[in-house]
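Asks: Need a 3D model of the sequence below.
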Amino acid sequence: MTLSEQPTNSAKPLQSKFRTFIEAAVVIICTLSFGAFVIGLCVLLITGNNPGGRDVVSFWVAGRQIVHHANPYDSAAIRGIELAAGFKDSAQTLIMRNPPSALCLVIPLGLFGLRAGTLLWSSLLIVCLIVSVHMLWVMHSRPRNKLHYLAYSFAPALTCILGGQTALFALLGLVLFSRFHRTRPVAAGLALWLCALKPHLFLPFAASLLLWVVVTRSYRLLSATAVALLASSLVAWRLDPAVWTQYAQMMRSSGIESEFIPCVGIGLRFAIDRNAMWLQYLPALVGCVWAVSFYWRRRSQWDWTRDGAALMLVSILVSPYGWLTDQTLVIPALLVGIYRATSREELGALALASAAIEIAQIAGKGMHSAFYLWTTPFWLAWYMYVSIKARSAKTSGLEMREGLFAPEPFA
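Replies: Numbering: from 1, shown residues only. Below you'll find the predicted structure:
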């Protein structure tokens, strides 16, 4: 052994101990943040405290209004109902912003009181998360590892349950479409109705989907989606013939253009010119052009499970507006990345990012906080990093953990 080798060899035990310490710290941080967040979520669901802090109230009020053939977008009437339900005078009036075609989903809530309705809604969201992740695990050939459990602890998904938002319904629709688009096109088309609950989140995805429908002549699938949208719209119209006019009036007066929502599109507009609304839609336009090119280059080997997941990741990044809860829709892409990961450090980075969001939520950072601007770019950067590294590992002949490997989709 030469003198030059001694420092290197003596440093190895120290490096190993330091690595073990870091890994233990990551596990402790992630476990504590996840545990605290879940405990808080359970307490909120059981006690029903703070109704003004949960968007599920907007869906309950809309369901109650439409069941009684009243305007589900009437801010004055909704304000009165929310105050009677326990809202504080200073609380913001929560109005459902989804289009009238989504009212079919909230009609059952109008048959219950607020407490029962919110419990039902939260239970459905939890079921959507469980079913979606399990189905993705099956679609990835049921790996023996338990890495898909990371998706159950994904902070945006837990926040979605906490707030009672609809992104988990859209996630279920996305996964059902990916699962059945080959074997049951009608079922896959009907599943896209759930994605239409939040159409602004699927713009590049929709651009590629329409091109795929034309290339593969999957018109039955598209027809099923159109029928589902038409049927749900007719139900809303039958209960309230003026519902589309009322929705348009609500959107014009909602003041959403003055809200700061932590996403790339709105961040760009606020940074350059708050009054230039077109800036907010510029990333989505670029994303749609990229999505068409992305599909066309890969059309002969297109796989909605793999390529669609990457496409959805970009769609969320460039959406005109989107909340932290909407990032639930990147779970399919993150699972692809998790199964490609070649080291515990890569998985640890993902877990730490999720824990950081949970800690921010516990610390009281609201959904409008600029703190969350980093999250969607991070998911994309992490996905690309593990994909490129996995490709390099396969090229060099290194062993990889059991899971899905596919060529890097952004090439």
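
Asks: quick one: the strands in the stretch 101-250 of the chain?
Replies: With DSSP state E, counting those that start in this stretch as the definition, the stretch 101-250 of the chain shows no strands.

Asks: Okay, now the unreliable bits of it?
Replies: Within the stretch 101-250 of the chain, the set of residues satisfying pLDDT under 70 is empty.

Asks: And the helices in it, which stretches?
Replies: Applying DSSP state H, counting those that start in this stretch to the stretch 101-250 of the chain gives helices spanning 103-106, 114-139, 149-152, 155-163, 167-180, 185-195, 203-216, 219-239, 243-253.

Asks: Run through who's touching the third one.
Replies: Read it as helix 149-152. 129-130, 133, 136, 157, 331, 334-335, 338, 347, 350-351, 354 (C-beta atoms under 8 Å, 6 or more residues apart in numbering). All C-beta atoms are positioned from the backbone trio N, CA, C, and that covers glycine.

Asks: So for it, what gets flagged as buried?
Replies: Applying a neighbour-count criterion of 16 or more other C-beta atoms under 10 Å, one finds 150-151 buried in helix 149-152.

Asks: first to last residue in stretch 324-344, what's the distance?
Replies: Here the two ends of stretch 324-344 are set 26 Å apart, with distance taken as C-alpha to C-alpha, to the nearest Å.

Asks: what is the mean pLDDT for that stretch?
Replies: Per-residue pLDDT values across stretch 324-344 average out to 89.

Asks: circling back: format the helices of the stretch 101-250 of the chain as a markdown table; extra columns: distance to Ser319.
Replies: Putting the helices of the stretch 101-250 of the chain into a markdown table (distance: least, C-beta to C-beta, whole Å) gives the following:
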| stretch | distance to Ser319 |
| --- | --- |
| helix 103-106 | 20 |
| helix 114-139 | 19 |
| helix 149-152 | 21 |
| helix 155-163 | 14 |
| helix 167-180 | 11 |
| helix 185-195 | 13 |
| helix 203-216 | 7 |
| helix 219-239 | 20 |
| helix 243-253 | 17 |
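
Asks: among these, which is nearest Thr325?
Replies: With distances scored as C-beta to C-beta, the stretch of the helices of the stretch 101-250 of the chain nearest to Thr325 is helix 155-163 (4.0 Å).

Asks: May I have that closest one as PDB, with CA atoms only?
Replies: Written as PDB, here are the backbone C-alpha positions of helix 155-163 (Å, rounded to 0.1, in the frame of the first residue of the first chain):
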ATOM      1  CA  ALA A 155     -47.700  15.200  -0.400                       C
ATOM      2  CA  PRO A 156     -49.900  16.700  -3.200                       C
ATOM      3  CA  ALA A 157     -52.200  13.600  -3.000                       C
ATOM      4  CA  LEU A 158     -52.600  13.900   0.700                       C
ATOM      5  CA  THR A 159     -53.200  17.600   0.400                       C
ATOM      6  CA  CYS A 160     -55.800  16.900  -2.200                       C
ATOM      7  CA  ILE A 161     -57.600  14.700   0.300                       C
ATOM      8  CA  LEU A 162     -57.200  17.300   3.000                       C
ATOM      9  CA  GLY A 163     -58.700  20.000   0.900                       C
END
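
Asks: Just the angle for that helix relative to helix 167-180, thanks.
Replies: Relative orientation of helix 155-163 and helix 167-180, computed by axes from the mean of the first three to the mean of the last three C-alpha atoms, to 10 degrees: 130 degrees.

Asks: Remind me what helix 155-163 packs against, helices and strands.
Replies: The elements that helix 155-163 packs onto, with contact taken as 3 or more C-beta pairs under 8 Å, 6 or more residues apart in numbering; DSSP states H and E, are helix 6-47, helix 114-139, helix 167-180, helix 344-362.

Asks: how about a cut-off of 6 Å?
Replies: Contact analysis of helix 155-163 by 3 or more C-beta pairs under 6 Å, 6 or more residues apart in numbering; DSSP states H and E lists helix 344-362 as its packing neighbours.

Asks: How about the contacts made by the residue nearest the centre of the chain?
Replies: Nearest to the centroid of the C-alpha atoms of the chain, with distances taken as C-alpha atoms, centre = their mean, sits Thr328, at 2.3 Å. Applying C-beta atoms under 6 Å, 6 or more residues apart in numbering, one finds that Thr328 lies in contact with 156-157, 160, 167-168, 171.

Asks: can you put the residues you listed in a markdown table and add distance to Arg144?
Replies: Written out in a markdown table, the entries for these read as follows (distance: C-beta to C-beta, whole Å):
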| residue | distance to Arg144 |
| --- | --- |
| Pro156 | 27 |
| Ala157 | 24 |
| Cys160 | 29 |
| Ala167 | 30 |
| Leu168 | 27 |
| Leu171 | 24 |
